[in-house]
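> Sequence first, then the predicted structure, then my questions.
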Amino acid sequence: MFEILGITASFFAIIALGAFTKYIGLFDEKSSQIFSNFAFYVALPPMIITSIIANPIKGLINFDYIVRFEIATLIIFIFSYTVAKFIFKLKSNENSVFALNATYSNYGYIGLPLVLLLFGQKAIVPAAIILVFDIAFVLALAAVFSTNFNNNSGFLNFINALKSIIKNPVIISCVIGLLLSFYDLNLEKIPVETLNILSGAAVPTALFAIGIIIVSKSVEKAYSELIFISFIKLIIHPLLVILLFVFWSSDSLKMLDIMWLQVAIIFSCLPVAATVFPVSQYYKAYVLKTSSAIIITTIISILTIPIVLLLVIDKNIYNFLQLLFS
């Protein structure tokens, strides 16, 4: 728990700093949009590219592993989208951003430090595979479900969805990173250093923007929505991953180290990623509630993540999972 508190303390410190600068008048509400645009269009793509090329995945990809994790993502996303549309009666792009909140985990800021702390460098491979494919998949889902399908032609609707994906800078960066990694293409020192500098600004800029927007506007009372997101993201998602991996096994999965399953479970129980906030501003939907969801799920995760970690690394439960997984 102390490790998680240490990781999240700086998380909240940057949000508080953003709120303080707005409170004293250094930045205004428009500044939040500027910071979010910078994070989404300028800093986030380099962060994704550098994360992918720093962890080469060629020859290490296990498609059974990817498929099961992404099926869990797909189920959570579609279920959350349906609940948003028909129960919470959200409008237009709010439904897809709501679903994004329920599926997009904080891999870079909380997930990677945790699994490296627990398992060491050997956790990099499964962590990188999940990070690369899940980010690309969930952002593609958000882009497709945010497309306005007004045309009766299925082909034209498909073209509109494709255009929405192609125009998304984060998805483009995922594709670029995958191509560079798969074909072992090495960038020169200057481009790499430039990307590293920019990528370091992605998370703190997004968090800083959240702090500004919190002070700028009163957070809407959406307790039921935030409770739903927290419950789905922190509890249902990891349980679904366990069910899919344990009870839908395969020969290729059985050949993997049990640590791969543990990383998948840990990565599925993480709070909403800070980078969902600039995505919400990109779609101009569910912005204030997204900032609340990021903060609330992160606070709750201080209690829930240690419980999941205890279950995952407990020797008796570890042996039980190994028995089921093998």
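Sure, I can see it. Keep in mind it's a predicted model, so treat the numbers as computed, not measured. Numbers count the residues shown, from 1 in each chain.
> list the contacts for Asp257?
Taking Cβ atoms under 8 Å, 6 or more residues apart in numbering, we find Asp257 in contact with Lys122. All C-beta spots, glycine's among them, are computed from the backbone N, C-alpha and C.
> per-residue confidence at it?
With respect to pLDDT, Asp257 scores 84.
> Please report the distance of it from Phe38.
Taking Cβ to Cβ, to the nearest Å as the criterion, Asp257 is separated from Phe38 by 40 Å.
> now swap in Ile49 and tell me
In this structure, Ile49 and Phe38 are 16 Å apart, going by Cβ to Cβ.
> If you count surrounding residues, which of those two has more?
Comparing Ile49 with Phe38 by neighbour count (other Cβ atoms under 10 Å), the higher total belongs to Ile49, at 27 against 19.
> ok, now which ones touch the more buried one?
Counted by Cβ under 8 Å, 6+ apart, Ile49 has contacts Ser173, Ile176, Gly177, Leu180, Leu195, Ser199.
> how about the nearest residue to it, chain neighbours excluded?
Gly177 (4.3 Å; Cβ to Cβ, 6 or more residues apart in numbering).
> could you pull out the helices for the stretch 201-326 of the chain?
Assigned by DSSP state H, counting those that start in this stretch, the helices in the stretch 201-326 of the chain fall at 202-216, 223-231, 237-247, 251-254, 258-268, 276-283, 287-313, 315-325.
> closest to Ile129 out of those?
Closest to Ile129 of the helices of the stretch 201-326 of the chain is helix 258-268 (Cβ to Cβ; 8.8 Å).
> The closest one packs against which elements?
Under the contact definition 3 or more Cβ pairs under 8 Å, 6 or more residues apart in numbering; DSSP states H and E, helix 258-268 sits against helix 63-86, helix 112-119, helix 124-145, helix 237-247, helix 287-313, helix 315-325.
> Distance from the third one to the middle of the chain?
The chain centroid and the centroid of helix 124-145 are separated by 8 Å, computed with Cα atoms, centre = their mean, to the nearest Å.
> Report the mean confidence score over it.
The model assigns helix 124-145 a mean pLDDT of 83.
> helices or strands next to it in the packing?
Where contact means 3+ Cβ pairs under 8 Å, 6+ apart, helix 124-145 is packed against helix 44-54, helix 63-86, helix 93-103, helix 112-119, helix 154-166, helix 169-182, helix 258-268, helix 276-283.
> What about the contacts of Ile49, which one has the most neighbours?
Ranked by the number of neighbours (other Cβ under 10 Å), the contacts of Ile49 place Gly177 first, at 25 neighbours.
> Look up how far Ile258 lies from it.
Distance from Gly177 to Ile258, counting by Cβ to Cβ: 28 Å.
> One more: Cys174?
Cys174 is 28 Å from Ile258, where distance means Cβ to Cβ.
> pLDDT below threshold where in the protein?
Within the chain, the ranges that satisfy pLDDT under 70 run 1-8, 55-59, 109, 121, 148-165, 168, 170, 216-221, 314-326.
> residues contacting the nearest residue to Thr73 once chain neighbours are set aside?
Using Cβ to Cβ, 6+ apart and skipping residues adjacent in sequence, the residue nearest Thr73 is Thr103, 5.4 Å away. Thr103 makes contact with Thr73, Ile76, Phe77, Ser80, Val138, Leu141, Lys233, His237, according to Cβ under 8 Å, 6+ apart.
> Including distance to Lys284 and neighbour count, could those go into a markdown table?
A markdown table is the format used below for the contacts of Thr103 (distance: Cβ to Cβ, whole Å; neighbours: other Cβ atoms under 10 Å):
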| residue | distance to Lys284 | neighbour count |
| --- | --- | --- |
| Thr73 | 24 | 24 |
| Ile76 | 24 | 21 |
| Phe77 | 20 | 23 |
| Ser80 | 19 | 24 |
| Val138 | 19 | 24 |
| Leu141 | 18 | 22 |
| Lys233 | 23 | 28 |
| His237 | 26 | 23 |
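> Out of those residues, which comes closest to Ser252?
Ser252 lies nearest to Thr73 out of the contacts of Thr103, by Cβ to Cβ, at 19.7 Å.
> give the contact list for that closest one.
Thr73 sits next to Thr103, Asp134, Phe137, Val138, Leu141 when contact means Cβ under 8 Å, 6+ apart.
> Ile214 is in contact with Ala16, correct?
No. Using Cβ atoms under 8 Å, Ala16 is not in contact with Ile214, being 9.5 Å away.
> higher neighbour count, the two?
Neighbour comparison, Ala16 and Ile214: the larger count goes to Ile214, with 20 against 14 (by other Cβ under 10 Å).
> Distance check, the more buried one against Lys167.
Distance, Ile214 to Lys167, using Cβ to Cβ: 29 Å.
> residues near the closest residue to Ser252 other than its chain neighbours, how many?
Leaving aside its sequence neighbours, Ser252 sits nearest to Asp64 (Cβ to Cβ, 6+ apart; 4.8 Å). The local packing of Asp64 (other Cβ under 10 Å) involves 17 other residues.
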